[in-house]
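**Q** build the 3D model from these lines:
(2 chains)
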Amino acid sequence: EAQVTQNPRYLITVTGKKLTVTCSQNMNHEYMSWYRQDPGLGLRQIYYSMNVEVTDKGDVPEGYKVSRKEKRNFPLILESPSPNQTSLYFCASSLYRDSYEQYFGPGTRLTVT
Amino acid sequence: RKEVEQDPGPFNVPEGATVAFNCTYSNSASQSFFWYRQDCRKEPKLLMSVYSSGNEDGRFTAQLNRASQYISLLIRDSKLSDSATYLCVVNIKRGGQFYFGTGTSLTVIP
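**A** As a prediction, the model looks like this:
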């Protein structure tokens, strides 16, 4: 089944404790992206990647890191999480060359206390 | 100024009604346009891409007005299953940055 998977789905952590949210897609998509969704603000793009080893900042990259060492994986790293990073995070991928239809993962609900 | 603006609603309409949503974008260099649907904080799913000539998919019609910088979504013969939040999405640089509207909430009432 074609899908985007994210882990963990739910995470409660404390300020300053490094964490990684994994994202994986099995559709051989070139483009991958991370978003956060907050009430009243909608989805905002954090980082995106056009292909392996190619990443770029979105609208709200501060406090986040990403890497794209393999085509299928695009982890989101929070080196020192803060309470203002409490949010619902979505990973997405698209074929890019032919389509910008983005397929989203199920979301990761992160709470930083 | 936000890149993409939508009326948040909520829109509460009876079954069978026709409802229209509008979305404005601020960057005239915007390249691609989409409507996504999101159910109850689940992941967004593509409803339709929006082409310059306008496009239709069953009960759904999307239109783009580049001169006025807005896109629209028309839903005819609303069903209960259409209840969701509809997100307007704009791509500024090809393959790169995407901007989402905050979404318009639709509830179809029996």
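
**Q** helix, strand or coil for the nearest residue to residue A:53 once chain neighbours are set aside?
**A** Nearest residue to residue A:53 in three dimensions, chain neighbours excluded: residue A:68, at 6.1 Å (CB to CB, 6 or more residues apart in numbering or on different chains). In short, each C-beta sits where N, CA and C put it, glycine included. Per DSSP: H, G, I helix; E, B strand; the rest coil, the local secondary structure of residue A:68 is coil.

**Q** so residue A:68 touches residue A:31, yeah?
**A** No: assessed by CB atoms under 8 Å, residue A:68 is found out of contact with residue A:31, at 10.2 Å.

**Q** and for those two, which residues touch both?
**A** The contact sets of residue A:68 and residue A:31 overlap at A:49, A:51 (CB atoms under 8 Å, 6 or more residues apart in numbering or on different chains).

**Q** more neighbours: which of those two?
**A** Between residue A:68 and residue A:31, counted using other CB atoms under 10 Å in any protein chain shown, the more crowded position is residue A:31 (22 against 19).

**Q** let me know the pLDDT of the residue nearest to residue A:53.
**A** For residue A:68, the model assigns a pLDDT of 97.

**Q** tell me who's in contact with it.
**A** A:32, A:49, A:51-55, A:74.

**Q** just list what the strand ranked longest in chain A packs against, helices and strands only.
**A** Longest strand of chain A, by residue count under DSSP state E: strand A:42-51. Packing partners of strand A:42-51 (3 or more CB pairs under 8 Å, 6 or more residues apart in numbering or on different chains; DSSP states H and E): strand A:31-38, strand A:54-57, strand A:65-66, strand B:98-100.

**Q** what's in contact with the helix or strand that the shortest one is followed by?
**A** Next helix or strand after strand A:65-66 toward the C-terminus (DSSP states H and E): strand A:76-78. Where contact means CB under 8 Å, 6+ apart, the residues beyond strand A:76-78 that reach it are A:18-21, A:23, A:34, A:46-47, A:63-67, A:85, A:89, A:91.

**Q** got it, and stretch B:49-63?
**A** Under CB under 8 Å, 6+ apart, the answer for stretch B:49-63 is A:100-101, B:32-35, B:47-48, B:64, B:66, B:71-79.

**Q** what subset of those is buried?
**A** Neighbour counting over those (16 or more other CB atoms under 10 Å in any protein chain shown) leaves A:100, B:32-35, B:47-48, B:64, B:71-73, B:75, B:78 as the buried ones.

**Q** pLDDT value on residue B:92, please?
**A** Confidence at residue B:92, expressed as pLDDT, is 79.

**Q** stretch A:71-79 spans what distance, first to last residue?
**A** 23 Å (CA to CA, to the nearest Å).

**Q** give me the mean pLDDT for it.
**A** 97.

**Q** in stretch A:49-68, what counts as buried?
**A** Within stretch A:49-68, judged by 16+ other CB under 10 Å, the buried ones are A:49-50, A:55, A:58-61, A:64, A:66-68.
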